[in-house]
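Engineer: Show me the folded form of this:
(one chain, ligands or ions: 1)
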Amino acid sequence: MSTSPVKNFTPRKRALQGTPLTNRQLNQLSTPKSIRLVPNSVGTPECFTKVLLETPKVTSKRSRDQFDEECNLRVAVRIRPMNASELAIVGCEDVVRVKDKQIIVCPPKCSSQNVSMDHTFSYDHVFWSIDEKNPLYAKQEDVFMTIGVPLLNSAFKGFNACLFAYGQTGSGKTYSMMGRNVCSVNDIDSEEFSGITPRFCRELFKRVSELDDDCTVSVDVSYFEIYNEKIHDLLANTTNQSGTSKVPLKVREHPILGPYIVDLTSHTVKTYPELREFLISGNRNRAVASTAMNDFSSRSHSIFSIELGQSRSLNDTDNSRRSKVSLVDLAGSERLGSSTNDERMKQGVSINKSLLTLGKCISALAEKRKNHFIPYRESVLTWLLRESLGGNSLTSMLATISPSSSHLDETLSTLRYACQARTIVNRATINESPHDRLIRELRSEVERLRALRRNFEQRSSYSQSSSFNDTNNSEIDEIKTKLSETEQQLLEAQEIWEQRFMESRQNQIRELAEAEKYKVELESKVRILNSVNDDLTLSPYKTNFLEELEGVLTDSESSENFLEQVKLWCRENDLICTYNSGTIKIVNPTKKKHSLLPLEMLHVKEFDNISDFLNQLQWIDNRCSKSLTKAEVVASMNQIYQLLEGLQPSEDSNLSLLYAKVNKMLQKFETSIISTLTRPKTVTFNLD
Ligand SMILES: Nc1ncnc2c1ncn2[C@@H]1O[C@H](COP(=O)(O)OP(=O)(O)OP(=O)(O)O)[C@@H](O)[C@H]1O
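Structural biologist: Down below sits the predicted model:
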């Protein structure tokens with residue numbers, strides 16, 4: 001927003017004797033040094049006591065080299081329109097003024113507060129979104145262009161980036177980050193309502209489509225929430241009874257990569273519509289409970305992460321980059337006093353705990369004392385946001401406020417928080433492989449030495465022998481030697497790089513061939529499975545689920561006769577019989593027992609008939625058993641198959657990573673087939 005909407009505000013009568021604010025007055029009012037209390041005041045509310053923190057000094061951005069940036073957290077504030085319930089409060093008024101990048105909070109006319117001073121705060125950007133008919137109104141698009149696009153630019157350069165929305169409950173965080181009605185495809189893509197996150201993702205894919213053909217890009221997304229200090233994967237396919245994924249995940253610390261969430265699903269997406277599906281399904285899963293101020297309040301902190309990988313062809317090592325973008329919608333702060341039940345009270349405490357720790361971290365970072373302890377680990381939120389706060393990330397904060405006098409305390413507290421955050425300095429580094437960096441550095445050293453040599457040679461040709469003495473000659477010799485050494489190092493580094501590139505290419509080709517084989521195998525197995533009518537029994541302890549499945553499906557011909565008799569006997573006795581790898585297994589589901597019969601050890605003739613023989617069987621207790629229908633197995637297998645379907649051979653240089661992920665997903669999928677089935681039907685997994 002280039003100009004200020006200040007002229008549209010109601011003039012303040014009490015503080016300025018009925019005259020509208022002029023520029024001079026506004027300037028004079030900024031950063032007050034003292035607070036004038038109304039006589040006979042009974043204590044000053046906390047939110048008014050630390051106004052001196054307003055507009056702290058911000059160090060300017062420094063670039064140590066082209067690949068390293070030191071910069072402050074960029075902070076923007078957005079003011080939403082008054083809502084119906086605020087307008088319905090008698091005496092409620094708009095107390096927020098905007099002047100360029102400044103926000104002035106004025107005490108209300110009929111104030112019960114004990115302060116009569118304006119409070120001025122400066123930020124990197126201020127978005128005035130109170131009256132959409134006013135030309136100065138900041139639209140969703142304006143907010144995205146101002147704070148979303150720079151983060152996208154950083155991500156494409158290879159920097160980690162983070163944007164988090166902070167503010168009182170109902171102040172417009174979700175509206176700004178995701179948009180209105182976050183579960184509707186129409187709204188999420190609408191020009192008017194779409195928030196920063198969907199716009200960011202649309203623009204990301206637009207830019208990807210405009211990249212050169214030799215640039216390979218990968219986009220992986222994950223989405224999780226922190227609810228009552230527990231992490232839930234919003235995109236996991238494991239569901240509880242209410243249909244939402246509620247399995248809490250753990251955070252671990254990687255020695256190099258820092259904190260990470262164990263088993264958080266990550267999804268590779270190739271198009272925006274694919275990504276949008278994940279976004280919407282994650283939004284649906286987000287815990288929502290209404291607060292006193294907001295009927296659709298998000299009670300959790302949500303973090304949507306995008307990992308962008310870019311790499312180019314063989315000879316271009318300067319452009320292999322990986323960046324992580326975190327778009328964070330924090331839960332709103334809610335005063336505990338207004339909570340109406342225990343569960344909500346508990347939520348409030350843990351939300352406030354995370355926000356409190358976030359505040360502590362911001363304060364500690366703002367102090368910038370060397371070796372000063374930053375309590376990142378006191379909450380899950382700050383632990384996970386560690387890199388975004390004072391670490392390797394270009395970070396922005398969007399503070400959202402209500403203009404209403406009824407939320408004056410919360411608004412001042414948010415603004416103060418945001419001001420403090422502005423002083424945090426992050427040091428962001430382009431994420432590239434050490435080898436890429438070495439080659440880049442050697443190249444620039446070679447360039448430098450060549451320029452130096454050229455310079456010397458030019459000087460020597462002008463000045464001839466008289467002034468260009470022996471010292472100069474020895475200097476140029478030294479440069480030449482250094483140059484040839486560096487050129488040699490560069491050559492070697494490039495050779496190693498090329499060799500690795502070829503190796504990884506070959507690995508990819510091999511993996512592709514394996515994936516193809518796997519795909520064909522799966523195809524045939526699904527076909528077999530579809531044509532088999534018998535019951536199946538599988539052991540979850542077998543490492544290769546598919547091999548075992550095949551074993552079960554292809555009963556040995558030689559033992560057919562005997563096997564048929566056993567099966568018949570089992571059917572008559574309500575037992576389940578399966579044959580696998582030379583062993584017949586008979587399960588008694590009612591008594592939860594089973595018996596194993598190695599085929600080669602059978603001496604049926606010693607008994608009069610097979611029933612006598614079978615009645616002598618040793619029965620062992622099943623520790624536990626879970627079953628599923630054949631249809632369920634087929635559906636599951638089809639899902640695995642579909643996963644692999646997307647893996648057609650391509651020139652994608654990130655393919656090995658992709659395969660690793662798909663394999664992991666397959667393993668998890670196999671495990672989940674075994675562990676999450678509850679309805680006992682015809683296929684039994686015996687957990688003995
Ligand atoms: N800039 C805006 N313009 C129009 N309406 C807005 C704006 N910001 C917020 N709103 C409306 O205000 C209400 C509350 O907004 P939102 O849900 O985004 O708040 P929140 O800060 O995310 O709350 P919580 O922390 O409780 O989840 C919604 O009905 C939303 O549509």
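
Engineer: give the contact list for I147.
Structural biologist: Neighbour list for I147: R74, A76, H125, L163, I196, S396, L398 [criterion: C-beta atoms under 8 Å, 6 or more residues apart in numbering]. Glycine gets a C-beta too; all of them are placed from N, C-alpha and C.

Engineer: what's around E410, how many residues?
Structural biologist: Around E410 there are 23 other residues, counting by other C-beta atoms under 10 Å.

Engineer: Over to L563?
Structural biologist: Using other C-beta under 10 Å, L563 has 19 other residues around it.

Engineer: Then the one 10 residues further on?
Structural biologist: Using other C-beta under 10 Å, the number of residues around N573 comes to 13.

Engineer: quick one, phi/psi of it?
Structural biologist: N573 adopts backbone torsions of phi -100, psi 20, taken as degrees, to the nearest 10.

Engineer: Then the one 4 residues further on?
Structural biologist: Dihedral angles phi and psi of C577 (degrees, to the nearest 10) take the values phi -120, psi 130.

Engineer: Strands of the stretch 251-400 of the chain, residue ranges please.
Structural biologist: 251-254, 258-261, 267-269, 301-311, 321-329, 394-401 (DSSP state E, counting those that start in this stretch).

Engineer: Can you lay out these as a markdown table showing mean neighbour count, mean pLDDT and distance to L483?
Structural biologist: Shown next, in a markdown table, are the strands of the stretch 251-400 of the chain (neighbours: other C-beta atoms under 10 Å; pLDDT from 0 to 100; distance: least, C-beta to C-beta, whole Å):
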| stretch | mean neighbour count | mean pLDDT | distance to L483 |
| --- | --- | --- | --- |
| strand 251-254 | 11 | 78 | 40 |
| strand 258-261 | 16 | 82 | 40 |
| strand 267-269 | 18 | 90 | 44 |
| strand 301-311 | 23 | 90 | 30 |
| strand 321-329 | 23 | 89 | 29 |
| strand 394-401 | 27 | 92 | 36 |
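
Engineer: Dump those to JSON lines, plus distance to the ligand.
Structural biologist: Listed next are the strands of the stretch 251-400 of the chain as JSON lines, based on distance: least, C-beta to the nearest ligand atom, whole Å:
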{"stretch": "strand 251-254", "distance to the ligand": "23"}
{"stretch": "strand 258-261", "distance to the ligand": "22"}
{"stretch": "strand 267-269", "distance to the ligand": "25"}
{"stretch": "strand 301-311", "distance to the ligand": "10"}
{"stretch": "strand 321-329", "distance to the ligand": "7"}
{"stretch": "strand 394-401", "distance to the ligand": "6"}
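
Engineer: which one of the contacts of I147 has the most neighbours?
Structural biologist: Highest count within the contacts of I147 by other C-beta under 10 Å belongs to L398, 28 neighbours.

Engineer: Strands - which of the contacts of I147 land there?
Structural biologist: If you go by DSSP state E, those have R74, A76, H125, L163, S396, L398 in strands.

Engineer: In contact with K482: list those residues for me.
Structural biologist: By C-beta under 8 Å, 6+ apart, the neighbours of K482 are L449.

Engineer: could you pull out the helices for the stretch 101-250 of the chain?
Structural biologist: For the stretch 101-250 of the chain, applying DSSP state H, counting those that start in this stretch gives helices covering 140-143, 149-157, 173-177, 185-188, 196-210.

Engineer: Out of the ones you listed, which is the most enclosed?
Structural biologist: Mean neighbour count (mean count of other C-beta atoms under 10 Å) peaks for helix 173-177 among the helices of the stretch 101-250 of the chain, with a mean of 26.

Engineer: Quick check: residues of the stretch 351-500 of the chain near the ligand?
Structural biologist: Within the stretch 351-500 of the chain, the positions lying close to the ligand (C-beta under 6 Å from any ligand atom) are T400.

Engineer: ok, and the residue nearest to I620 when sequence neighbours are not counted, which helix or strand is that part of?
Structural biologist: Excluding its sequence neighbours, the residue lying closest to I620 (C-beta to C-beta, 6 or more residues apart in numbering) is H594, at 5.8 Å. Per DSSP states H and E, H594 falls inside strand 593-598.

Engineer: Which elements pack onto that strand?
Structural biologist: Strand 593-598 is packed against strand 583-588, strand 620-621, with contacts defined by 3 or more C-beta pairs under 8 Å, 6 or more residues apart in numbering; DSSP states H and E.

Engineer: And the pLDDT at S467?
Structural biologist: S467 is assigned a pLDDT of 54 by the prediction.

Engineer: no no, V98
Structural biologist: pLDDT, V98: 92.

Engineer: do F121 as well
Structural biologist: We note a pLDDT of 90 for F121 in this prediction.

Engineer: Quick check: beta-bridge partners of it?
Structural biologist: Beta-bridge partners for F121, by DSSP bridges, are I103.

Engineer: Next, find the distance separating it from R97.
Structural biologist: Going from F121 to R97 by C-beta to C-beta, to the nearest Å gives 11 Å.

Engineer: one step back: touching, the residue nearest to I620 and I584? I think so.
Structural biologist: No. With contacts counted by C-beta atoms under 8 Å, H594 stays clear of I584, the gap being 10.7 Å.

Engineer: Can you tell me the closest non-neighbouring residue to the residue in the stretch 251-400 of the chain that the ligand sits nearest to?
Structural biologist: At 2.4 Å from the ligand, G332 is the closest residue in the stretch 251-400 of the chain, using C-beta to the nearest ligand atom. In space, G332 comes closest to T169 once its chain neighbours are excluded; the distance is 2.7 Å by C-beta to C-beta, 6+ apart.

Engineer: Quick check: that neighbour touching D329?
Structural biologist: No. Distance between T169 and D329: 12.0 Å, which falls outside the contact criterion (C-beta under 8 Å).

Engineer: Least confident of the helices and strands packed on strand 593-598, on average?
Structural biologist: strand 620-621 (a mean of 76).

Engineer: And that strand, what does it pack against?
Structural biologist: Packing partners of strand 620-621 (3+ C-beta pairs under 8 Å, 6+ apart): strand 593-598.

Engineer: Tell me the buried residues in the strand it packs on?
Structural biologist: Neighbour-count burial for strand 593-598, counted by 16 or more other C-beta atoms under 10 Å, picks out K593, H594, S595, L597.

Engineer: Repeat that for stretch 74-86.
Structural biologist: Residues R74, V75, A76, V77, R78, I79, R80, P81, M82, E86 are the ones in stretch 74-86 that count as buried (16+ other C-beta under 10 Å).

Engineer: Could you find the closest non-adjacent residue to S396?
Structural biologist: Per C-beta to C-beta, 6+ apart, closest to S396 is R74, 4.4 Å.

Engineer: just checking, that neighbour touches M397?
Structural biologist: Yes. Look at R74 against M397 with C-beta under 8 Å: they come within range, at 7.4 Å.

Engineer: quick one, helices of the stretch 251-400 of the chain?
Structural biologist: 272-285, 342-367, 380-384.

Engineer: rank those by pLDDT, which is bottom?
Structural biologist: helix 342-367 (a mean of 69).

Engineer: And the residue lying closest to A364 once chain neighbours are set aside, how close does it get to C361?
Structural biologist: Nearest residue to A364, sequence neighbours excluded (C-beta to C-beta, 6+ apart): I374, at 4.7 Å. Applying C-beta to C-beta, the value for I374 to C361 is 5 Å.

Engineer: what does S266 give?
Structural biologist: Noted for S266: a distance of 26 Å to C361, by C-beta to C-beta.
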